[in-house]
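Visitor: Below are the sequence and a predicted model; questions follow.
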Amino acid sequence: MESHRLDRLEKGALALGCPLNSAQLERFDIYRAELLNWNLRINLTSITDPVDIEVLHFLDSLTLVAALPIRDQRSASLSLLDIGSGAGFPGIPLKIALPDLRVSLLEATGKKAAFMEHIVNVLGLGEVTVLKGRAEDLGRDGDLRESFDVTAVRAVGQLAVLAELCLPFTNVNGRFIAMKKGSMEEEVRAASAAIATLGGSTAQVLPVRVDGLDDERSLITVDKIKPTPARFPRRPGMPSKRPLGWNPRRIDSRGNTD
């Protein structure tokens, strides 16, 4: 593969301090081709222009490098859980770019999980695990709970909701990272009590500035400073239906709150 076919990704990754060699660029090219081919049969992404995939999926995923807790990522064997990974973003691009990263990809939709298993095999990526299920359920699994150095999510949900899904998986001294768009001041403030309840520190906002990603993007980082109480996450659907900090809280007939 000629590297100029992914020149925006190559240039952007270099600007992020994450240079890509020809073998890595070839893997991204294969990934894009497989994504477009599978997308003809199942709905993996609404982004179907090859250049847009290069920038809005691949390069956007790599912006998370700036928020990883150890700056020399290539010498660090971090474990990362990508929650709601969909077609593999940001976890698979991060694995391609940072081969020492140990990646788990959590996805509730079977067809999307099948695609990720396929592409991990096609690309020959080691130390990548695909987990099928809901975060609310798997977050209570003793083998997974508080076992990851980094939990990451690339989603549109409220920060308080994302924190409840991610922090139970994050180990103490680990980090939760949310990839977000738009002004975040109010949302961070609204989620502060929930994050503290879940064992997190004060959220930090890291603006994303990379050519080609022009809208207002940021990485919200929360360091885990104490264990998450056993009652979290709540049952499936409840975190989004009634985010922590929601007021007034509904009290059931027994006097319990959710």
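Guide: Yep, it's here.

Visitor: Could you list every helix and strand that whichever helix or strand residue 29 is part of packs against?
Guide: Element membership for residue 29 (DSSP states H and E) is helix 22-39. Where contact means 3 or more Cβ pairs under 8 Å, 6 or more residues apart in numbering; DSSP states H and E, helix 22-39 is packed against helix 7-15, helix 91-97, helix 110-123. Backbone N, C-alpha and C define where each C-beta goes, glycine included.

Visitor: Most tightly packed of these?
Guide: Compared across the helices and strands packed on helix 22-39, helix 91-97 shows the largest average neighbour count, a mean of 26 (mean count of other Cβ atoms under 10 Å).

Visitor: Only C-alpha atoms, please: export that helix in CSV.
Guide: This file holds the C-alpha atoms of helix 91-97, laid out as CSV (Å, rounded to 0.1, in the frame of the first residue of the first chain):
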residue,chain,number,x,y,z
GLY,A,91,-9.9,0.5,20.5
ILE,A,92,-8.7,-1.0,17.3
PRO,A,93,-7.0,2.1,15.9
LEU,A,94,-5.3,2.5,19.2
LYS,A,95,-4.1,-1.1,19.1
ILE,A,96,-2.8,-0.7,15.6
ALA,A,97,-0.9,2.5,16.6
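
Visitor: Next secondary structure element downstream of it?
Guide: Counting by DSSP H and E, the element that comes right after helix 91-97 along the chain is strand 102-107.

Visitor: ok, residues contacting that following strand?
Guide: Counting by Cβ atoms under 8 Å, 6 or more residues apart in numbering, strand 102-107 makes contact with 77-86, 88, 91-92, 94-95, 113, 116, 125, 127-133, 135, 138, 148, all of which sit outside it.

Visitor: could you flag which of those residues are buried?
Guide: Listed as buried from the contacts of strand 102-107 are 78-86, 88, 91-92, 94-95, 113, 116, 125, 128, 130-132, 135, 138, 148; burial here means 16 or more other Cβ atoms under 10 Å.

Visitor: Distance of the nearest residue to residue 82 once chain neighbours are set aside relative to residue 205?
Guide: Nearest residue to residue 82 in three dimensions, chain neighbours excluded: residue 91, at 3.3 Å (Cβ to Cβ, 6 or more residues apart in numbering). Residue 91 sits 22 Å away from residue 205 when distances are taken as Cβ to Cβ, to the nearest Å.

Visitor: So residue 144 sits against residue 169, correct?
Guide: Yes - under the criterion of Cβ atoms under 8 Å, residue 144 lies in contact with residue 169, with a separation of 6.1 Å.

Visitor: burial count for residue 37?
Guide: For residue 37, the count of nearby residues is 9 (other Cβ atoms under 10 Å).

Visitor: any idea how far it is from residue 69?
Guide: 36 Å.

Visitor: Same question for residue 97.
Guide: Residue 97 is 17 Å from residue 69, where distance means Cβ to Cβ.

Visitor: Could you point out which residue ranges in this protein have low pLDDT?
Guide: Counting by pLDDT under 70, the chain shows low-confidence ranges at 1-4, 70-76, 246-258.

Visitor: hey, which strand is longest across it?
Guide: Using DSSP state E to assign secondary structure, the strand with the most residues in the chain is strand 170-181.

Visitor: mind listing the strands for the stretch 151-258 of the chain?
Guide: Taking DSSP state E, counting those that start in this stretch to define them, one finds strands in the stretch 151-258 of the chain at 170-181, 204-207, 217-223.

Visitor: quick one: the second one to chain centroid distance?
Guide: Just to be clear, that refers to strand 204-207. Distance, stretch centre to chain centre, for strand 204-207: 15 Å (Cα atoms, centre = their mean, to the nearest Å).
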